[in-house]
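Trainee: Next come a sequence and a model predicted from it.
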Amino acid sequence: MPPTLGLLLAAAAAVLLLLLPPPPSAGAQETCWSGPAPRRGAWMSVASFGARGDGQTLNTGAFARAVARIARRRGARGGTLLYVPPGVWLTGPFNLTSHMTLFLARGAIVRATQDTSSWPLIDPLPSYGRGRELPGGRYMSLIHGHGLQDVFITGENGTIDGQGGVWWDMWKKRTLPFTRPHLLELMYSTDVVVSNLVFQDSPFWNIHPVYCSNVVIANLTVLAPHDSPNTDGIDLDSSSNVCVEDCYISAGDDLISIKSGWDEYGVAFGRPSSGITVRRITGSGPFAGFAVGSETSGGVEDVVAEHLSFSGVGVGVHVKTNSGRGGFIRNVTVSQVTLDGARYGLRIAGDVGGHPGASYNASLLPVIDGVAVRNVWGRNVRQAGLIRGIRDSVFSNICLSNVKLYGIGSDSIGPWRCRAVSGSALDVQPSPCAELASTSGTGFCT
């Protein structure tokens, strides 16, 4: 899909959602990133390294040579910009380096090869212990980075195209030998900006910063068919000080999800996701608009998500974990949410997600303490919400305020259902379940 069509889809969705009553205004619009990428001390084009933008020539070597040249110039003042001109640049996976900008011009498409045999295998993430889908290693992302600093991936709404259909078919036919690749994965990296691009048809999760800090993701369009398996839009994983804003996402799984490792591996690695801001996100998809989990074994804390507009989603806001996860989810605030079409407005559940092996430790129980959902308006919602804890664990300080959800047409909406949770509710339609019926609370709820 050309980038102009992706932007038209984003604009159309934004117009549709404007027909809904907007949440209360937050005043002046805050932003984490508004300026262009920094001026680099040097500039080079991938075409200068033998790449051809004809959609046929495989340019993996040219990208590798260009990045290697930039790595050798690390002492260059201000770093180096790698320019991708208009055209279709077919490539296999390649790495980035520090102090660089990858810049896609308007009309530039970096397109993944469909020859899956040419994709390198890399080690599983230590906080997952194995590939997310299958034991063993996993395929390297199309654009990858490890231990980087000062990296910009940006442009003039150029496109990064994963051509994921061949991978989705292998998943559906159960012929995958290893876990599918992401479009973009950065590991152990800091001072990163990803902006002003279109990501489409990822084989697996689209954008995955893991073990990173000081990350801004802004002004993106992320597209994948709604029946494409596990094509999460943006997954923030064991990362801190992250801001995601002003994005349109239409994908086959959760649009935005916050994670921190899987069962005993995530507990042992022990790196939480923290200090995360998500705002002004629109989109649609069959699963959650905004999610925490289900892999949260390293912990998730201090999250603010606001001004979210979703249509045709499975769940508006989904906080999910499971026995065997361990970890914690605390101090999460979601506000100013508009929904048009959802199976559930809100779901907080302790029975979601599989395990890396049959021998997982079921006694590792997660704790949820402090989830506030405020100022939500939704229509065409089938069921208001499901809030279900785990016996012998703690799911406390679940707080709902000014949450108004309505059914489909003249149909009544399904009621709230709660179990093994505690918290409070104020000004909630339909009437909240008894576990949250109190209008007063302590600590996080006040």
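Mentor: Ah, there it is.

Trainee: hang on, isn't residue 246 packed against residue 218?
Mentor: Yes: at 5.5 Å, residue 246 counts as touching residue 218 under the criterion of Cβ atoms under 8 Å. Quick note: C-beta positions are derived from backbone N, CA and C, even for glycine.

Trainee: Residues in contact with both of those two, list them for me.
Mentor: Counting by Cβ atoms under 8 Å, 6 or more residues apart in numbering, the residues touching both residue 246 and residue 218 are residue 31.

Trainee: Run through the bridge partners of the residue positioned nearest the centre of the chain.
Mentor: Centroid-nearest residue in the chain, with Cα atoms, centre = their mean: residue 234, separated by 1.9 Å. In this entry, residue 234 is beta-bridged to residue 207, residue 256, by DSSP bridges.

Trainee: From residue 281, how far off is it?
Mentor: Applying Cβ to Cβ, to the nearest Å, the value for residue 234 to residue 281 is 9 Å.

Trainee: so what's in contact with those two at the same time?
Mentor: Counting by Cβ under 8 Å, 6+ apart, the residues touching both residue 234 and residue 281 are 244, 247, 249, 255, 256.

Trainee: which one of these has the most neighbours?
Mentor: In terms of neighbour count, residue 249 stands highest of those at 29 neighbours, by other Cβ atoms under 10 Å.

Trainee: Can you give me the pLDDT of the residue nearest to the centre of the chain?
Mentor: At residue 234, the pLDDT value in this model is 98.

Trainee: how near is it to residue 216?
Mentor: In this view, residue 234 and residue 216 are 12 Å apart by Cβ to Cβ.

Trainee: which residues are common contacts for the two?
Mentor: Residues touching both residue 234 and residue 216 by Cβ under 8 Å, 6+ apart: residue 244.

Trainee: Give the other helices and strands that the helix or strand hosting residue 424 contacts.
Mentor: For residue 424, the element it lies in under DSSP states H and E is strand 423-429. Helices and strands touching strand 423-429, by 3 or more Cβ pairs under 8 Å, 6 or more residues apart in numbering; DSSP states H and E, are strand 394-405.

Trainee: change it to 10 Å
Mentor: Counting contacts by 3 or more Cβ pairs under 10 Å, 6 or more residues apart in numbering; DSSP states H and E, strand 423-429 packs against strand 367-388, strand 394-405.

Trainee: okay, now the nearest residue to residue 265 once chain neighbours are set aside: neighbour count?
Mentor: Nearest residue to residue 265 in three dimensions, chain neighbours excluded: residue 129, at 3.5 Å (Cβ to Cβ, 6 or more residues apart in numbering). Residues within reach of residue 129, counting by other Cβ under 10 Å, total 18.

Trainee: and what of residue 183?
Mentor: Burial of residue 183 is recorded as 26 neighbouring residues (other Cβ under 10 Å).

Trainee: Repeat that for the one 10 residues further on.
Mentor: The tally of other residues near residue 193 (other Cβ under 10 Å) stands at 22.

Trainee: element containing it, please.
Mentor: Element membership of residue 193 [criterion: DSSP H and E] is strand 190-200.

Trainee: and residue 152, what are its bridge partners?
Mentor: residue 101, residue 193.

Trainee: Quick check: it vs residue 215, distance?
Mentor: Residue 152 is 11 Å from residue 215, by Cβ to Cβ.

Trainee: Which residues are in contact with each of the two?
Mentor: Residues touching both residue 152 and residue 215 (Cβ atoms under 10 Å, 6 or more residues apart in numbering): 191, 192, 193, 194.

Trainee: Relative to residue 55, which of these is nearest.
Mentor: residue 194 (24.1 Å; Cβ to Cβ).

Trainee: part of a helix, is residue 268?
Mentor: Yes: per DSSP: H, G, I helix; E, B strand; the rest coil, residue 268 lies within a helix segment.

Trainee: which residues touch it?
Mentor: Contact analysis of residue 268 by Cβ under 10 Å, 6+ apart lists 126, 127, 129, 261, 297, 298, 326.

Trainee: tally of neighbours for the closest residue to the fifth one other than its chain neighbours?
Mentor: In other words, residue 297. Distance criterion Cβ to Cβ, 6+ apart; nearest residue to residue 297, sequence neighbours excluded, is residue 266 at 2.8 Å. Neighbour count of residue 266, defined by other Cβ under 10 Å: 30.

Trainee: could I get the helices and strands packed on strand 423-429 as a markdown table with mean pLDDT and mean neighbour count?
Mentor: Below are these laid out as a markdown table (pLDDT from 0 to 100; neighbours: other Cβ atoms under 10 Å):
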| stretch | mean pLDDT | mean neighbour count |
| --- | --- | --- |
| strand 367-388 | 97 | 22 |
| strand 394-405 | 96 | 22 |
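
Trainee: Please produce a markdown table containing those strands, extended by distance to residue 229.
Mentor: Below are the helices and strands packed on strand 423-429 laid out as a markdown table (distance: least, Cβ to Cβ, whole Å):
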| stretch | distance to residue 229 |
| --- | --- |
| strand 367-388 | 23 |
| strand 394-405 | 29 |
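
Trainee: Looking at the ones you listed, which is nearest to residue 166?
Mentor: Proximity to residue 166, assessed across the helices and strands packed on strand 423-429 by Cβ to Cβ, is greatest for strand 367-388 (34.6 Å).

Trainee: What is the closest one packed up against?
Mentor: strand 300-320, strand 328-349, strand 394-405, strand 414-419, strand 423-429.
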